[in-house]
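Engineer: just a sequence and a predicted model for now, questions to come.
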Amino acid sequence: MSAVRLSAVGIALMLATTGRAESLPGTLRVIDGSGQKVVSNGMMVASLPNALRLVTPPVEKVPTEPRPKVVPGITFLTKQPKSKARPFPEDDPQTRMCVEKASTIFHVETTPLYVILDVEGGTVGENSKPNRNLSYDIGKAQINSQHLGKLAARGIDEATLRNSLCVNIFVQAWLYKDGRSRSKSMAEAIALYHSPTPEVQAVYLQKIEDAIERRQARMAKQSPEKT
């Protein structure tokens, strides 16, 4: 036979009926499924009137959405909204202007600057969260704070670096050119821009490769089909 534990409300109603508040049993149960007989350790201690019957509350029904009408031979699919493709840095006219100026001033290619911006994903006026070495990255091209000392010697403070799009990209081009002069390839220069640690460079270069492939895929879609 099933037993249902008595609720606190049920206990209060039982005590009000029996007047035996001083001898409240330690364990109370309703037996026989009637909701009227209450026992403690196998002995009946109260018999509740019908007005105070303890019943299991009805299960609350959760409203459900109406099911779509089924049409034979037709399958209804719920379409998810398409997420917009992440834009490329060169899609922004201001960024493109700053990159072209930086390319001319420092005599570097625009492509590495664009893919670095793409992977860094920085925002004008914002710094990144602290890195493991407690440094942080600044502005659009995510210039590392470890460069602030040598930039200050050249008249560039952190606020300008963070809030000026072109200044940030000029510093990016300057750092990339420095890495290019100390390396044998564009890939090595890009890796040096990010970190001097080989293990960290390898992860970063994989992201650079993915960014380049994304560009190639867009170019392939935009190019006219060969007849």
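Structural biologist: Sure, I can see it. Quick caveat: nothing in here was measured; it's all calculated off a predicted structure. Numbering: from 1, shown residues only.
Engineer: tell me the helices and strands packed up against the lengthiest helix in the chain.
Structural biologist: Longest helix of the chain, by residue count under DSSP state H: helix 198-222. Judged by 3 or more C-beta pairs under 8 Å, 6 or more residues apart in numbering; DSSP states H and E, the packing partners of helix 198-222 are helix 110-120, helix 186-194. In short, each C-beta sits where N, CA and C put it, glycine included.
Engineer: kindly reformat those helices as JSON lines containing mean pLDDT, mean neighbour count and distance to residue 158.
Structural biologist: Shown next, in JSON lines, are these (pLDDT from 0 to 100; neighbours: other C-beta atoms under 10 Å; distance: least, C-beta to C-beta, whole Å):
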{"stretch": "helix 110-120", "mean pLDDT": "95", "mean neighbour count": "21", "distance to residue 158": "17"}
{"stretch": "helix 186-194", "mean pLDDT": "92", "mean neighbour count": "20", "distance to residue 158": "19"}
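Engineer: ok, and the closest non-adjacent residue to residue 118?
Structural biologist: In this structure, residue 118 finds its nearest non-sequential neighbour in residue 211, 4.4 Å apart by C-beta to C-beta, 6 or more residues apart in numbering.
Engineer: nope, residue 174 is what I was after
Structural biologist: The nearest residue in space to residue 174 (C-beta to C-beta, 6+ apart) is residue 106, at 6.0 Å.
Engineer: just the helices in the protein please.
Structural biologist: 8-18, 93-106, 110-120, 148-152, 158-163, 165-181, 186-194, 198-222.
Engineer: lowest average confidence across the ones you listed, which one?
Structural biologist: Of all these, the minimum mean pLDDT falls on helix 8-18 (a mean of 40).
Engineer: pull the number of nearby residues for the residue nearest to residue 118.
Structural biologist: 18 (other C-beta atoms under 10 Å).
Engineer: offset the numbering so it begins at 888, please.
Structural biologist: Got it, the first residue is 888 from now on, which makes the last one we talked about residue 1098.
Engineer: so it touches residue 1006, yeah?
Structural biologist: Yes: under the criterion of C-beta atoms under 8 Å, residue 1098 makes contact with residue 1006 at 5.3 Å.
Engineer: how about the helices of the chain in a markdown table, adding distance to residue 1018?
Structural biologist: Formatted as a markdown table, those follow (distance: least, C-beta to C-beta, whole Å):
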| stretch | distance to residue 1018 |
| --- | --- |
| helix 895-905 | 55 |
| helix 980-993 | 24 |
| helix 997-1007 | 13 |
| helix 1035-1039 | 14 |
| helix 1045-1050 | 16 |
| helix 1052-1068 | 16 |
| helix 1073-1081 | 11 |
| helix 1085-1109 | 10 |
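Engineer: out of these, nearest to residue 972?
Structural biologist: Proximity to residue 972, assessed across these by C-beta to C-beta, is greatest for helix 1085-1109 (8.6 Å).
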